[in-house]
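Novice: Here is a sequence together with a model predicted from it:
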Amino acid sequence: MAIKQLVLILNRLTEVHEALLETGQEKKQAIIQNDVPLLNQLTSKENKLIKQMGQFEQQRTLVTNDFLLSKGYKASDRITVAEIAKLIFNAEEKGSLLEAQEKLVNVLHELKRVNEINQELVRQSLDFIEFSIDVMSGSEEEWSYRHPDQSAPKSQRAGLFDTRA
């Protein structure tokens, strides 16, 4: 019974992670299109999904600990699905547990990949903004070539706008 509950919880965790994956892909488009309001909505949606994920993780821990205690083992937060599978002798239950684990792992890998892409897009956006600010402020030393032996030119303006105007 505990294994069926564990498989059900792993499937629900997979569904939550798939929703996070979909949100991550929507965030990618929002970042590319510079749609800040949509990005805020998607971040809020992500926070709700993460709360759901936390609830399922608590349930998973309880079911896992109950299973371990029923088999005469000490309850542990750090036990893996592969270790639990070693304790199962019913081939059908073991197969369904390992299948649920594989689905979850695949979704997690894809989610990680999408998050890395989004992180790189944000980093590039911030680099572009910084470059734009440097260009507007007249900081020539960072974007124009000069011989390495020459000293950096002294900028006479300290602020973004010329106050002498």
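Specialist: That came through fine.
Novice: Pass me the low-pLDDT residue ranges in the protein, would you?
Specialist: Within the chain, the segments meeting pLDDT under 70 span 138-148, 150-165.
Novice: Nearest the middle, which residue of it would you pick?
Specialist: Asn115 (4.8 Å; Cα atoms, centre = their mean).
Novice: State whether that residue and Gly24 are indeed in contact, as I suppose.
Specialist: Yes. The criterion here is Cβ atoms under 8 Å, and Asn115 meets it with Gly24 at 5.9 Å. All C-beta atoms are positioned from the backbone trio N, CA, C, and that covers glycine.
Novice: what ranges do the helices span in this structure?
Specialist: 2-33, 36-70, 81-86, 91-137 (DSSP state H).
Novice: Of those, which is nearest Asp149?
Specialist: The closest of these to Asp149 is helix 91-137. By Cβ to Cβ, the value is 23.0 Å.
Novice: For that closest one, name the packing helices and strands.
Specialist: helix 2-33, helix 81-86 (3 or more Cβ pairs under 8 Å, 6 or more residues apart in numbering; DSSP states H and E).
Novice: Could you export those as JSON lines, including mean neighbour count and distance to Arg123?
Specialist: Converted to JSON lines, these look like this (neighbours: other Cβ atoms under 10 Å; distance: least, Cβ to Cβ, whole Å):
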{"stretch": "helix 2-33", "mean neighbour count": "18", "distance to Arg123": "11"}
{"stretch": "helix 81-86", "mean neighbour count": "14", "distance to Arg123": "34"}
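Novice: Let's have those helices in JSON lines, adding distance to Gln124.
Specialist: JSON lines is the format used below for the helices and strands packed on helix 91-137 (distance: least, Cβ to Cβ, whole Å):
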{"stretch": "helix 2-33", "distance to Gln124": "9"}
{"stretch": "helix 81-86", "distance to Gln124": "37"}
